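Novice: Sharing a model prediction with you, sequence too.
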Amino acid sequence: MKPLLQVEHLSVQFGGLKAVDDVSFEIWPNEVFSLIGPNGAGKTTIFNLISGLYQPSSGFITFEGEKISALAPYEIARLGIARTFQNIELFEHATVLQNLLVGRHCHRHTNWLQDLLFTPATRRAEMQFRRTVEEVIEFLDLQHYRDQMVGGLPYGVRKVVELGRALAMRPKLLLLDEPSSGLNVEETEDVSFWIEDIKHDLGITVLMVEHDMGLVSRVSDRVLALNQGEMLTLGTAAEVQAHPDVVEAYLGGAEDDPPPPTPRPTGGGDGSSPPAGGSMSHAASGLGRPGAGGGQ
Amino acid sequence: MRFLFKTNYHQDIRLFKHGGQVFWYALLAAVLCIAPWLLPEYYVSQLVFIWIYSVISLGLMVLVGFTGQISIGHAAFLAMGAYTEAYLHQLGWPFALSLTFSALIAGITGIIVGLPALRVKGMYLAIATLAFGFIVEEGITRAESITGGSSGMMLEPLQVFGLAIDSEQSMYYLCLIILVLCVLGVMNLLRSPTGRAFVAIRDSEISAQSMGINLAYYKTTAFAISAAITGIAGALYAHKLRFITPDQFTFLQSIELLIILVVGGVGSIYGAIFGAAFWFSVQQFIVMAKDWLPPAIAQQTGLQPTVFGIILIAFILFEPMGLYGRWLKVRTYFQLFPFYRKGLFRRQKSYMKSERM
């Protein structure tokens, strides 16, 4: 089996700052891969590199064997990589339906002249787009908001609409930038179910940046921990959380405050998830004291 | 109140959403068709101007209102259309062909002007288009062999498919038909991927490109379509005036067009037409008011710009959505009667845009 996305020796430098430093990993088809790390670790930068908003200083990214690090963002989107943004980037002055329809844009095959005259080809394409979009609306339970303006929707719903817009693209790889930030416990729960459904039912591979370790360990197959642009460790959620470097990155150096040898009780490698803590950034106590997880 | 129960996708796509709309638009069409026979010729002439300006503002709306790119050199596209038409008309080209050509030439100019838009935004784009406006104005004045320079160009009476357009009435119908066609074209764009791409670029460029929208292509397309529509209006304008000179296409004209847009309501097709209608009504009103105002005020120079300035400021302060926004509120009031609440249209708290990009 070939990896879907391959990142090799990726580095990017902004002036003197090395935001991403020699990061390599690959994502296999149909897995959920998470990037974790404290603020400024370079997680979102990696997203922006994959989706073509930044150009890498060195290293490259291949998607399905094709090198994408030199392509424009819209070309990368057309290859089948969809993404969401950390601080929602929706089209505010349009309805939910219209937002999702924009997600179908890369599947259009009419030109502007056909659109201007609204030829039968455009009409047929519109029908097709709407059918796909309605499926997404049903999948995410957005029926109620279908014709509402995005500008007036509550934060949680906007987050879902953004996920829906990415899903409407029917991508091969979905990049989720902090899907649960700003959501309450229930909404986060929904997100975790959706991610599982996206993986199993829609067969879409997911790459996600997330702080909520509960969500990460529930849905991820593999987790990559980053700190200050460098890779710390790669493995299952439990392995990564137990790794001394990760603990150090979140809690500070050993010379200040030696971390305990067994940071948290993990369920062994057999898939039973460790107790979900809150978000890692403020779960310092959870990592420090064994057994103090219990976010739910 | 009316509830729409949608049972198929066609309902979302069709231009008229319900029977009520069909009825009202049919009534409007009927009124507009008989209007030139009932109104005195002077008013018909004013209506012709309103139709032409509606086409112009519609063109500008595609660019400013829907794609979010500013242009303060739009009078240049108007000039391109007007002069192309005047020149080809002189050569004896049939109107359908010369009109198409005017749109084409203006559209190509639009593409050229659109190119800097790929690199610059906001204020800088405004300056670039402003500079372009001056270049065209200057170019027309200098190219005396084609345009007649500052002594202007005369246009012979128009013939469309063998029909002489020699009266205000016939001009009225011609302009109205072209306006309706332009409106239909823009509506079609808006309900198809191209229009959605424009709106996406307006609302968030960064997520537009992540959705597979080629910014360069669509910005240029927006400029081209906008310029072409304005060019069509320019051709009509030339025939309406029968005499065109470079000083009809100045920077002030471009500003005037933007004001029409703001007063009408940025971001809607209604806004373009409301704005044009309002503009000419106010002008008319000022002319009439001069008769009963004290001479000290009526004789003042600059009365009209002052009034327009005040109106513009008032709109920006009290009704940023323009006349269209007001129209929406009035309509909603009657639709919801007696349940209309005052805060219904208050802007919701809007969320922070991404700071990282």
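Specialist: Looks like it came in fine. A quick note: this is a predicted structure, and the numbers were derived from the prediction, not measured.
Novice: How many residues are close by residue B:204?
Specialist: Residue B:204 has 22 neighbouring residues, counting by other Cβ atoms under 10 Å in any protein chain shown. In short, each C-beta sits where N, CA and C put it, glycine included.
Novice: Please report phi then psi for it.
Specialist: Note on residue B:204: backbone dihedrals following degrees, to the nearest 10 are phi -160, psi 100.
Novice: any idea how far residue A:177 lies from chain B?
Specialist: 10 Å (Cβ to the nearest Cβ, to the nearest Å).
Novice: how close does that residue get to residue A:166?
Specialist: Relative to residue A:166, residue A:177 is positioned 10 Å away (Cβ to Cβ, to the nearest Å).
Novice: now the strands for chain A?
Specialist: A:5-14, A:17-27, A:32-36, A:58-63, A:66-67, A:81-83, A:173-177, A:205-209, A:222-227, A:230-235 (DSSP state E).
Novice: Partner strands of the shortest one and their direction?
Specialist: When you say that, I think you mean strand A:66-67. If you go by DSSP bridges, strand A:66-67 pairs up with strand A:58-63 (antiparallel).
Novice: so residue B:15 sits in a strand?
Specialist: No - in this structure, residue B:15 is coil, not part of a strand, as judged by DSSP: H, G, I helix; E, B strand; the rest coil.
Novice: and it, backbone torsions?
Specialist: Phi and psi for residue B:15, reported as degrees, to the nearest 10, are phi -70, psi -40.
Novice: give the contact list for it.
Specialist: If you count contacts by Cβ atoms under 8 Å, 6 or more residues apart in numbering or on different chains, residue B:15 has them with B:184, B:187, B:191.
Novice: repeat that with 6 Å
Specialist: Neighbour list for residue B:15: residue B:187 [criterion: Cβ atoms under 6 Å, 6 or more residues apart in numbering or on different chains].
Novice: of all of chain A, which residue lies closest to chain B?
Specialist: Distance from chain B to each residue of chain A (Cβ to the nearest Cβ) is smallest for residue A:106, at 3.0 Å.
Novice: Count residues in the vicinity of that residue, would you?
Specialist: When neighbours are counted by other Cβ under 10 Å, residue A:106 registers 21.
Novice: Number of residues surrounding the closest residue to residue B:93 other than its chain neighbours?
Specialist: Among residues not flanking residue B:93 along the chain, residue B:101 sits closest, at 7.4 Å (Cβ to Cβ, 6 or more residues apart in numbering or on different chains). For residue B:101, the neighbour count with other Cβ under 10 Å is 18.
Novice: Flag every buried residue along the strand or helix carrying residue B:101.
Specialist: Element membership of residue B:101, judged by DSSP states H and E, is helix B:95-117. Using 16 or more other Cβ atoms under 10 Å in any protein chain shown as the test for burial, helix B:95-117 gives B:95, B:98-103, B:105-107, B:109-110, B:113-114, B:116-117.
Novice: Which two among those residues are spaced furthest apart?
Specialist: Pairwise distances across the buried residues of helix B:95-117 (Cβ to Cβ) peak at 33.4 Å, for the pair B:95 and B:116.
Novice: still on that earlier bit, most tightly packed of the strands of chain A?
Specialist: Comparing those by mean neighbour count (mean count of other Cβ atoms under 10 Å in any protein chain shown), strand A:81-83 ranks first with a mean of 27.
Novice: What is it packed up against?
Specialist: Secondary-structure packing of strand A:81-83 (3 or more Cβ pairs under 6 Å, 6 or more residues apart in numbering or on different chains; DSSP states H and E): strand A:173-177.
Novice: and the angle for the strand it packs on with strand A:58-63?
Specialist: Calculated by axes from the mean of the first three to the mean of the last three Cα atoms, to 10 degrees, strand A:173-177 forms an angle of 120 degrees with strand A:58-63.
Novice: now strand A:173-177 and strand A:5-14, what's the angle there?
Specialist: Counting by the same axes, to 10 degrees, strand A:173-177 lies at 40 degrees to strand A:5-14.
Novice: which residues touch strand A:173-177?
Specialist: Residues external to strand A:173-177 that are found in contact with it (Cβ under 6 Å, 6+ apart): A:4-5, A:47, A:81-86, A:166, A:204-209.
Novice: and residue A:63, what are its bridge partners?
Specialist: Residue A:63 has these beta-bridge partners by DSSP bridges: residue A:5, residue A:66.
Novice: Assess the claim that it and residue A:6 are in contact.
Specialist: No - between residue A:63 and residue A:6 no contact is recorded; they are 7.8 Å apart, counting by Cβ atoms under 6 Å.
Novice: Next, name the residue at the spatial heart of chain A.
Specialist: Ranked by distance to the mean C-alpha position of chain A (Cα atoms, centre = their mean), the top residue is residue A:176 at 1.9 Å.
Novice: about what we covered before: could you pull up the residues touching the residue of chain A closest to chain B?
Specialist: Residue A:106 sits in contact with A:77-78, B:212, where contact means Cβ under 6 Å, 6+ apart.
Novice: pLDDT and neighbour count for these - can I get that in TSV?
Specialist: Formatted as TSV, those follow (pLDDT from 0 to 100; neighbours: other Cβ atoms under 10 Å in any protein chain shown):
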residue	pLDDT	neighbour count
A:77	94	27
A:78	93	18
B:212	93	26
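Novice: can you list those residues in TSV and add distance to residue B:177?
Specialist: Below are the contacts of residue A:106 laid out as TSV (distance: Cβ to Cβ, whole Å):
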residue	distance to residue B:177
A:77	40
A:78	40
B:212	37
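Novice: Closest to residue B:201 out of those residues?
Specialist: Relative to residue B:201, the closest of the contacts of residue A:106 is residue B:212; by Cβ to Cβ it sits at 12.4 Å.
Novice: pull the longest helix from chain A.
Specialist: In chain A, assigned by DSSP state H, the helix with the most residues is helix A:120-139.
Novice: one step back: max pairwise distance over the contacts of strand A:173-177: which two?
Specialist: Across the contacts of strand A:173-177, no pair lies farther apart than A:4 and A:86, at 22.7 Å, counting by Cβ to Cβ.
Novice: For stretch B:228-237, give me every contacting residue.
Specialist: Contacts made with stretch B:228-237 from outside it, assessed by Cβ under 6 Å, 6+ apart, are listed as B:52, B:55-56, B:58-59, B:74, B:77-78, B:80-82, B:85, B:99, B:102-103, B:106-107, B:175, B:182.
Novice: nearest spatial neighbour of residue B:168, skipping sequence neighbours?
Specialist: Nearest to residue B:168 is residue B:44, by Cβ to Cβ, 6+ apart, at 4.4 Å.
Novice: Kindly provide the distance from the one you found to residue A:130.
Specialist: As judged by Cβ to Cβ, residue B:44 and residue A:130 stand 43 Å apart.
Novice: Equivalent analysis for residue A:136, please.
Specialist: 11 Å.
Novice: Throw the strands of chain A into TSV and include mean pLDDT, thanks.
Specialist: Listed next are the strands of chain A as TSV, based on pLDDT from 0 to 100:
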stretch	mean pLDDT
strand A:5-14	93
strand A:17-27	92
strand A:32-36	94
strand A:58-63	93
strand A:66-67	92
strand A:81-83	95
strand A:173-177	95
strand A:205-209	95
strand A:222-227	93
strand A:230-235	91
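Novice: Can you name the residues of the stretch 101-250 of chain B sitting close to chain A?
Specialist: For the stretch 101-250 of chain B, the residues in contact with chain A (Cβ under 6 Å from any Cβ of the partner chain) are B:185, B:188-189, B:192-194, B:196, B:199-200, B:203-204, B:206-207, B:209-214, B:221.
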